[in-house]
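**Q** Need the 3D shape of this:
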Amino acid sequence: MKIILTFTLLMIPGVVISMRVTGYSGGGVTITCGYDGGYRANEKYFCKGQWSTCTDQIKTKEKNKWVQQDRFSLYDDTTSRVFTVTIRELSERDSGIYYCGTELYGPDLYTKVDLKVITGE
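**A** Numbers count the residues shown, from 1 in each chain. A predicted model of the protein is given here:
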């Protein structure tokens, strides 16, 4: 059984936001992160690991178009000011800390995502 969980967050400067997401092995999750309208042109990304050493899983290349890399997909909807990340074919090794980020010239805006993948139905 594949279950997709969807979460929406708004990234607000100066506020640290975090969330927990649970997915099931073999299924997928969709994570939606919002951003302020002033950041429509900025690159968005989804990375894994601690913030200082976070490894990009996927980045935007074009606005308002799906980007895919392996099991990860990202769509930056500049009209709605949200970007959506989908991870397919989850396994326990996907569990861990991720970040939805918006690149800035100063410190990036980000949302911490704690993903837990459970084996079983």
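**Q** pLDDT weak spots in the protein?
**A** Within the chain, the stretches with pLDDT under 70 are 1-16, 121.
**Q** For residue 42, grab the count of nearby residues.
**A** Burial measure for residue 42: 19 neighbouring residues, criterion other CB atoms under 10 Å. (Glycine included, C-beta is placed from N, CA and C.)
**Q** What helix or strand is the closest residue to residue 100 other than its chain neighbours located in?
**A** Spatial nearest neighbour of residue 100, excluding adjacent residues (CB to CB, 6 or more residues apart in numbering): residue 33 at 3.7 Å. Secondary-structure assignment from DSSP states H and E places residue 33 in strand 29-34.
**Q** Equivalent analysis for residue 113, please.
**A** When elements are defined using DSSP H and E, residue 113 is found to belong to strand 109-118.
**Q** what does that strand rub up against?
**A** Under the criterion CB atoms under 8 Å, 6 or more residues apart in numbering, residues 9, 11, 13, 16-25, 29, 31, 33, 35, 39, 51, 87, 90-102 lie in contact with strand 109-118.
**Q** Quick check on residue 93: phi, psi?
**A** Reported as degrees, to the nearest 10, the phi and psi values for residue 93 are phi -70, psi -10.
**Q** Much appreciated, bye for now.
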